[in-house]
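K.L.:
here is the input, now give the coordinates:
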Amino acid sequence: MKIEHTKTEKKGHFDAVSKNGKAGTMTYTWTGESRITIEHTEVYTEFEGEGIGKKLVCEAVEFARQENLKIIPECSYANHVLQSDDTFSDVLI
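P.N.:
Just a heads-up that it's a prediction; the model follows:
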């Protein structure tokens with residue numbers, strides 16, 4: 001499973017891609033220069049239960065750390081993942 005990141009000036013997304021195609025996606029918007037808001041995380045039915053959603057959130061965390069950003073988790077799944085592990089507190093608003 002490979003995670004691909006696409007970003008524009010106002011939005012971005014992380015896509016989980018397997019050899020059989022896209023397995024899931026997580027979208028975000030820029031909220032100022034130093035914040036992103038995770039809006040939605042989706043894993044396609046045939047890939048559920050493989051931890052792909054968490055992998056997508058973790059990629060966003062790594063991106064935030066590299067770019068010195070904070071994350072606002074509007075998506076309920078991303079919020080759950082980020083709130084449930086203290087190691088993510090450095091990027092969480």
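K.L.:
host element of the most centrally placed residue in the chain?
P.N.:
By C-alpha atoms, centre = their mean, the chain has its centre lying nearest to V57, at 3.4 Å. Element membership of V57 [criterion: DSSP states H and E] is helix 52-67.
K.L.:
for this protein, which segments count as helices?
P.N.:
Here the chain has its helices, by DSSP state H, at 52-67, 76-83.
K.L.:
which helices and strands sit right next to the first one?
P.N.:
Under the contact criterion of 3 or more C-beta pairs under 8 Å, 6 or more residues apart in numbering; DSSP states H and E, the helices and strands touching helix 52-67 comprise strand 2-7, strand 11-18, strand 21-30, strand 35-43, strand 70-73, helix 76-83. Just so you know, the C-beta spots here come from the backbone N, C-alpha and C atoms, and that holds for glycine as well.
K.L.:
how about those in JSON lines, adding mean neighbour count and distance to S89?
P.N.:
Converted to JSON lines, these look like this (neighbours: other C-beta atoms under 10 Å; distance: least, C-beta to C-beta, whole Å):
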{"stretch": "strand 2-7", "mean neighbour count": "13", "distance to S89": "22"}
{"stretch": "strand 11-18", "mean neighbour count": "18", "distance to S89": "21"}
{"stretch": "strand 21-30", "mean neighbour count": "19", "distance to S89": "19"}
{"stretch": "strand 35-43", "mean neighbour count": "20", "distance to S89": "15"}
{"stretch": "strand 70-73", "mean neighbour count": "21", "distance to S89": "11"}
{"stretch": "helix 76-83", "mean neighbour count": "18", "distance to S89": "8"}
